[in-house]
Structures are given as structure tokens and as C-alpha cells.
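Peer 1: A predicted structure for the sequence below; I have some questions about it.
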Amino acid sequence: MDLWTAIERRCSIRRFTPEEVNAATVQKILEAAIRAPSAGNRQPWHFIVVRNAAVKEALAQAAYGQDFVAEAPVVIVVCAEPERSASRYGARGRELYCLQDTAAATEHILLAATALGLGCCWVGAFDEKAAARALALPSQFRPVAMVPIGKAAEPWGRTPRRPLSEVTSYLE
């Protein structure tokens, strides 16, 4: 699938079949993630690939009961490493750049999964401390996004978008 088709097709999928996502496919998705841009090329990200049912259930509970997180065959948790950015950019790196960078990596995950014919959803509503406990994360990592991935068990759909004329300004 080409980039434009993946962009057009990408939507939030919250129901998955139990069909596994093989390791090679997850590897391709992660390879796309690390190609994301980052401030000063600091690459302040770490990816946790979760297949363990108990851990996925704990993540679903951390995500305020969003059960589809546990139902996906695989969940990639995108973590920021704030001090990696702070070492070059100080507080702005710690508080902003590492989050922007992990957001870019998360979008690459979404587009790669979509291009590979898989459904996924960006989950940002979760208790960070509960997610960190579920993953036994070292203190230098901050979980910023969960991406459940699997074969879609619901139809793909397009969500409405505000028109460009409403969200764009030109200064010429």
C-alpha cells in the first residue's frame, strides 16, 4: 500500500480478530517507528512489544478499562526517554521535544501497521504510573502511547475531518 492510501485508510480500530501478528511484521512496524524525525536526532524513544495476556490486561486497566487494548494480539507501548532529550536541550527537551518525537514515532507505527493491512489505535488516555508498573519500566522511561495492533474485526471507516479552509491560514 502506498503512503497516500495508508494515510487515507488509517482509522482507529478497536476490535481485533485473535489472529496473531507475526514477529517479522512487528519488526517492520518498529523499523518504520525508528525512522521518525527527532529533535537533534536524539531518538528519545523505547518500544515495549507486549504479547503477554496478563500484561495486556493490566495495560487495559491502566487505560481506564479500554478492554480492546487487552484483546489485541500485540500492543506496542511507546515510551519517551526524557533525559536523552534533556541532555542536549534541557527542560524543553525533557518536557516537550521527547513527547513530540515519540508522537512522530507513534504516527509511523500507525501508518506502517495500516500499510501492512492491520488495524490499530493510538491510545493516549491512560494512567502513566499504572502502565509503568504493568510494564515494570525502568524509571528513565515514560509511557506516552499504547498502540494495540491486529487484524481488524470491524469495518474500516473514515472519520470526518474539518475542512482545510477551517484549519489553515496563509501568510503571504
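Peer 2: Great, that's in hand. Numbering: from 1, shown residues only.
Peer 1: what's around the residue nearest to residue 159 when sequence neighbours are not counted, how many residues?
Peer 2: Computed as Cβ to Cβ, 6 or more residues apart in numbering, the closest residue to residue 159 that is not its neighbour in sequence is residue 11, at 6.0 Å. From N, CA and C alone the C-beta is placed, and that goes for glycine too. Other residues near residue 11 come to 18 when the count uses other Cβ atoms under 10 Å.
Peer 1: Do me a favour and average the pLDDT over the lengthiest strand in the chain.
Peer 2: Across the chain, the longest stretch assigned as strand under DSSP state E is strand 142-150. What strand 142-150 shows for mean pLDDT is 98.
Peer 1: Just give me how far the helix or strand that it is followed by sits from the chain centre.
Peer 2: Downstream of strand 142-150, the first helix or strand assigned by DSSP states H and E is helix 164-167. Offset of helix 164-167 from its chain centre (Cα atoms, centre = their mean, to the nearest Å): 26 Å.
Peer 1: And the average pLDDT for helix 164-167 is what?
Peer 2: On average, helix 164-167 scores 96.
Peer 1: same question, stretch 112-127
Peer 2: Rounded mean pLDDT across stretch 112-127 is 98.
Peer 1: Can you give me the end-to-end span of it?
Peer 2: End-to-end distance for stretch 112-127, by Cα to Cα, to the nearest Å: 26 Å.
Peer 1: just to revisit the earlier point, kindly format the C-alpha coordinates of the longest strand of the chain as PDB.
Peer 2: C-alpha atoms of strand 142-150 as PDB (Å, rounded to 0.1, in the frame of the first residue of the first chain):
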ATOM      1  CA  ARG A 142       7.900   7.400  30.400                       C
ATOM      2  CA  PRO A 143       5.000   5.600  28.700                       C
ATOM      3  CA  VAL A 144       3.300   8.000  26.300                       C
ATOM      4  CA  ALA A 145       1.200   5.900  23.900                       C
ATOM      5  CA  MET A 146      -0.200   2.400  23.600                       C
ATOM      6  CA  VAL A 147      -0.800   1.000  20.100                       C
ATOM      7  CA  PRO A 148      -2.900  -2.200  20.100                       C
ATOM      8  CA  ILE A 149      -2.400  -3.900  16.700                       C
ATOM      9  CA  GLY A 150      -4.100  -6.800  15.000                       C
END
